[in-house]
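Trainee: Okay, here's the prediction I keep looking at, along with the sequence it came from:
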Amino acid sequence: MLCDDSLSAAAMSSQNTSSSTWDVLVGGNSTPAPTFQFELEPVAVSVNPWDIVLCVTGTLMSCENALVLALIMYTPTLKAPMFVLIGSLAFADLLAGLGLIVNFTITYIFDTGFVTLLSAGLLITAFSASVLNILAITVDRYLSLYNALTYHTERTVIFTIVTLVLIWVTSITLGALPIMGWNCLGDEATCSICAPIDKNHAAALAVTFLFVFALILQLYLQICKIAFRHAQQIAVQQQFMNASHSTSTTKGVSTLSTILGTFALCWIPFALYSLVADIGYPRVYTYVTALPAICHSMINPVMYAFRNPDVQKSMRLACCCVSSNFSLRPRTPSDV
């Protein structure tokens, strides 16, 4: 009871003190003191599971492509134009992975208009550069077969640098369009499935991708024709075709079909959906179509880098060096 009385007295004293303080502020006792009620409610931020999946995918993409870049940069034998293009592709996919991580951070921490536009521009730049680098690698493979005798003399360093400059200038220009006004921050009704990109920008990107895919498809068809033509010429010269040569030709065509088929399955659904859908469509459809396109940047290192014998040799040497350095390091008392 004493405790209750003391608490009641303290509460009345606190109320009187607050009232007198308010009277001083308003300049007298004639005006009754208002009563303020503060309700503190916890702010709960619900994280979309799909965004978590995209963030984890971006982390894996970054690590995988960083390994490819490290192998190419620190291996003296991997300096041919083909490996420079593969390195550029790995750098683009690395940026795409970092862009997904940045986008996740911005969505749930720094959700402001300008920063969102920067994040969208980074993702557009990275994925555009990834697709254009695949086109450049396809052109390089076509030239290596079409001009097999003069390929190494024509593929100079300057030509490769010019190709890379064109790829990245085009990609950066496409990525800068949202910041330059191609966005839907002023009118949400014009948003595409990937806000804050508006529908016109998304449609332009989708049409550009389909055009690039048509070029890649045509180049791969020409590569297959040249490969079969070379096989027939060898068969005529030798009066028969070796089983090993026939197997290698079939394997090469199968590999090209796998690369092209994977590229089409990953990107075409998202490109077509971007043409017909808008922000009013269910978000789950956007995630379902966008995730395969994003995961294609995880497949690129396997398709273009890790399957290459020179890259595999470089990886084995790197692993051997790491293991030998680990086994030959001096033992310390803490190791015992």
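Mentor: Yes, it's here.
Trainee: pretty sure Cys194 is touching Tyr287, no?
Mentor: No. Taking CB atoms under 8 Å as the definition, Cys194 is not a contact partner of Tyr287, at 10.8 Å. Quick note: C-beta positions are derived from backbone N, CA and C, even for glycine.
Trainee: So for these two, which sits in the more crowded spot?
Mentor: Under the criterion of other CB atoms under 10 Å, the comparison of Cys194 against Tyr287 puts Cys194 first, with 20 against 17.
Trainee: would that one count as being in a strand?
Mentor: No. Read with DSSP: H, G, I helix; E, B strand; the rest coil, Cys194 is coil and lies in no strand.
Trainee: Just give the nearest non-adjacent residue to it, would you?
Mentor: Computed as CB to CB, 6 or more residues apart in numbering, the closest residue to Cys194 that is not its neighbour in sequence is Ala202, at 6.3 Å.
Trainee: What residues of the helix or strand encompassing the one you found count as buried?
Mentor: Assigned by DSSP states H and E, Ala202 falls within helix 199-238. Neighbour counts over helix 199-238 (16 or more other CB atoms under 10 Å) mark 199, 201-206, 208-209, 212-213, 216, 219-220, 223-224, 227, 231 as buried.
Trainee: and the residue nearest the centre of the chain, what helix or strand is that in?
Mentor: By CA atoms, centre = their mean, the chain has its centre lying nearest to Ala96, at 2.3 Å. Using DSSP H and E, Ala96 falls within helix 81-108.
Trainee: Show me what that helix is packed against.
Mentor: Packing partners of helix 81-108 (3 or more CB pairs under 8 Å, 6 or more residues apart in numbering; DSSP states H and E): helix 49-73, helix 113-146, helix 157-176, helix 283-300.
Trainee: for the closest residue to Ser297 other than its chain neighbours, what are its contacts?
Mentor: Excluding its sequence neighbours, the residue lying closest to Ser297 (CB to CB, 6+ apart) is Asp93, at 3.9 Å. By CB atoms under 8 Å, 6 or more residues apart in numbering, Asp93 lies in contact with 61, 64-65, 126, 130, 297-298, 300-301.
Trainee: Name whatever forms a beta bridge with the nearest residue to Ile279 once chain neighbours are set aside.
Mentor: Of all residues not flanking Ile279 in the chain, Cys191 sits nearest, at 4.0 Å (CB to CB, 6+ apart). Legend: beta-bridge partners of Cys191 under DSSP bridges are Asp198.
Trainee: Can you tell me how far Cys191 is from Ile179?
Mentor: According to CB to CB, to the nearest Å, Cys191 stands 16 Å off from Ile179.
Trainee: One more: Ala96?
Mentor: On the measure of CB to CB, Ala96 and Ile179 end up 18 Å apart.
Trainee: and Thr289, how many neighbours?
Mentor: 20.
Trainee: quick one: it and Ile268 touch, right?
Mentor: No. Between Thr289 and Ile268 there is no contact under CB under 8 Å: 9.6 Å.
Trainee: Show me the shaky parts of the stretch 151-300 of the chain.
Mentor: For the stretch 151-300 of the chain, applying pLDDT under 70 flags the ranges 151-155, 231, 233-250.
Trainee: Give me the neighbour count for Tyr146.
Mentor: Number of residues near Tyr146 (other CB under 10 Å) recorded here: 13.
Trainee: Leaving out sequence neighbours, find the closest residue to it.
Mentor: Ile226 (6.2 Å).
Trainee: got a list of what the one you found touches?
Mentor: Applying CB under 8 Å, 6+ apart to Ile226 gives the contacts 142, 145-146.
Trainee: ok, so of the residues you listed, who is nearest Met73?
Mentor: Tyr142 (26.4 Å; CB to CB).
Trainee: these two touch, right, that closest one and Leu221?
Mentor: No. Applying CB under 8 Å, one finds Tyr142 not in contact with Leu221, separated by 10.1 Å.
Trainee: TSV for the contacts of Asp93, including distance to Pro81 and neighbour count?
Mentor: TSV is the format used below for the contacts of Asp93 (distance: CB to CB, whole Å; neighbours: other CB atoms under 10 Å):
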residue	distance to Pro81	neighbour count
Met61	24	27
Glu64	23	21
Asn65	19	27
Ala126	22	23
Ser130	18	26
Ser297	22	28
Met298	25	19
Asn300	18	28
Pro301	19	24
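Trainee: wait, isn't the residue nearest to the centre of the chain in contact with Met61?
Mentor: Yes. Because the distance of 6.3 Å satisfies CB under 8 Å, Ala96 is recorded as touching Met61.
Trainee: list the residues that contact both of those two?
Mentor: Residues touching both Ala96 and Met61 (CB under 8 Å, 6+ apart) are 294, 297.
Trainee: so where is the stretch 1-150 of the chain shaky, pLDDT-wise?
Mentor: Across the stretch 1-150 of the chain, the ranges flagged by pLDDT under 70 are 1-45, 111, 148-150.
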